[in-house]
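In: only the shape, not the letters, is given here:
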């Protein structure tokens, strides 16, 4: 995993690389480069975790095109 100013890059075990916008994850977008770099593999190898940012991102969510789900309203909410 690595980040540049705009993108989270995740290299998968099968050789694929995912690039997703940091805008999908406001905590990462607002973090310093050092805070972004302080990630670890979590969730049994199926996600990423940042202790200092209280951020968890699943690989399945990235593959499905989902960003931060923390403050999302249900589809039927007005």
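Out: Yep, it's here. What you see is a predicted model; the values in this text were computed from it and never measured. Numbering: from 1, shown residues only.

In: which residues of this structure fall in helices?
Out: Taking DSSP state H as the test, the helices found in the chain are 26-30, 33-37, 59-63.

In: to residue 14, which of these lies closest?
Out: Among the helices of the chain, the nearest to residue 14 by Cβ to Cβ is helix 59-63 (10.8 Å). (Glycine included, C-beta is placed from N, CA and C.)

In: report all helices and strands that that closest one contacts.
Out: For helix 59-63, the elements it packs on are strand 17-21, judged by 3 or more Cβ pairs under 8 Å, 6 or more residues apart in numbering; DSSP states H and E.

In: that older thread, out of the helices of the chain, which comes closest to residue 19?
Out: Nearest of the helices of the chain (Cβ to Cβ): helix 59-63, 9.7 Å.

In: still on that earlier bit, need the helices of the chain in TSV (columns: distance to residue 7).
Out: TSV is the format used below for the helices of the chain (distance: least, Cβ to Cβ, whole Å):
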stretch	distance to residue 7
helix 26-30	10
helix 33-37	11
helix 59-63	12
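
In: please name whichever of the ones you listed is nearest to residue 47.
Out: That would be helix 59-63 among the helices of the chain, by Cβ to Cβ, at 6.0 Å.
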